[in-house]
Structure formats: C-alpha cells, structure tokens
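[1] Quick one: sequence and predicted model below, then my questions.
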Amino acid sequence: MSKTKLDKTENQQQNPTENAEQTQNEICFDDLTLDEAVTLLKQTFDMNAKLSEQVTALTEALEKSTATAQTNQDNWYRSAAEFENYKKRNATIRQDAYFDGKKDVLLSFLVVGDSVDRALSVQLDDKTREGVMLIKKQFAETLSHLGVEEIDPLGETFDPTTSEAIAVVDAGEDEQSQTVKTVFKKGYKMSGKMLRYAQVIVIK
C-alpha cells in the first residue's frame, strides 16, 4: 500500500464522522456531470443576484422609511414648537387685553385720588382734613390691593420714563437743575407697566 493511501486510511480511522461527511460530499459532486455542475453554479449565481437585489431593495426601503420618520419627527417638533409659541402669544394677548381693560377702569378711578390731593393742598379745618386723610388712606389701600404702585417724584431727578414735564421753571436758591419742583398729578404703574405718567414741573 502506498504512503498516500495509508495516510488516508489512518485519517478515516481517526475521524470517522468527518470522513463520512466528506465522502458524502465528494460523492454528491462526483455524481454531477459537467453540465449539471454548470447549471448548479448558474442557479447559485442567479439566487445570489436575486438576494442581492432584495437586500438592495430592502436597504432602499429602510432608507426611505428612516427619511420619512425623520421628516415626521421634524414636523412634529416644528408643530409642537409652533403650538407653544401660539400659546405664549395667546397668553400675552389675553394679558394685554386684561391689562388694557383694567387700565381703562383704573384711569377713571385715579381721578378720585387727584381730587383728594387737591383737597389736601388747600386750607382745611382739622376735622375736614382728618376725613380727607381717611379717604386718601382708603384710596391708597385699594390701589395697593389692585397691584397699583404710586409714582410721586417730588424732589427727585426728572425721569422721562415715569414722568411728563408740563412746565419748566428757573432754578431758585439751593435748587438743582432737572429736579422735579412740583407734582401736578401723580403717576401710577401696574405690573411694571405705566398706567399714567406723572405730570410735573421741572427746574431748568
């Protein structure tokens, strides 16, 4: 027996299962004719080509689905952001409308305060002054309850953001320029917004 055949025999004895599968495969391929082998290879090639086409189609479909999902997500985020902006704008509009409505009522009410201040600026007997001072106190408490802040810039530097100069007078002795000398009407603001500018006389 030749050395090659002897080695093959020994391998078969050592790995009977592997050798049996190998022998079976060899028999399967050995049973094919050349035409059958070519046909089998061609079928395998065609099958691989079809699988490749399917993989390509699935990849394209996945890419389209991913792009669609991204677009839908972007649209959702955009819609959510627009809705939040809409709610904020709507809330601002409601607040402005509420402020304007409240402002109209308060402006007519502030006239009472002007009348009280004018009454206190003239000579009054003690009982009358006491009564007027009580009205003034109640008026101030009502404004405070409504969130209205009084602006009385007497003796302060003129501030055009809170006051309106209705007249300018020459400076007297020990008077500083651009100082409010007289408050003709007090100013008022609510929630940081001006309800009415103070009307003042300013030293030149």
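    Alright, I've got the coordinates.

[2] Following element in sequence after the longest helix seen in the chain, please.
    Counting residues, the longest helix in the chain under DSSP state H turns out to be helix 34-120. The helix or strand immediately downstream of helix 34-120 is helix 126-145, counting by DSSP states H and E.

[3] Walk me through the domains of this structure.
    62-146, 149-204 (automatic domain parsing).

[4] and T162, how far is that from L195?
    11 Å (CB to CB, to the nearest Å). Where C-beta positions appear, they are placed from N, C-alpha and C, glycine not excepted.

[5] any shared contact partners between these two?
    187, 189 (CB atoms under 8 Å, 6 or more residues apart in numbering).

[6] Below-threshold pLDDT in the protein: ranges please.
    1-32 (pLDDT under 70).

[7] how does it look with 50?
    1-13, 16-27 (pLDDT under 50).

[8] Can you tell me, leaving aside adjacent residues, what's nearest to L195?
    Y188 (4.4 Å; CB to CB, 6 or more residues apart in numbering).

[9] tell me the contacts of the one you found?
    Taking CB under 8 Å, 6+ apart, one finds 106, 110, 143, 148-151, 194-196 in contact with Y188.

[10] follow-up on the earlier one: ok and the longest helix of the chain relative to helix 126-145, angle-wise?
    180 degrees (axes from the mean of the first three to the mean of the last three CA atoms, to 10 degrees).
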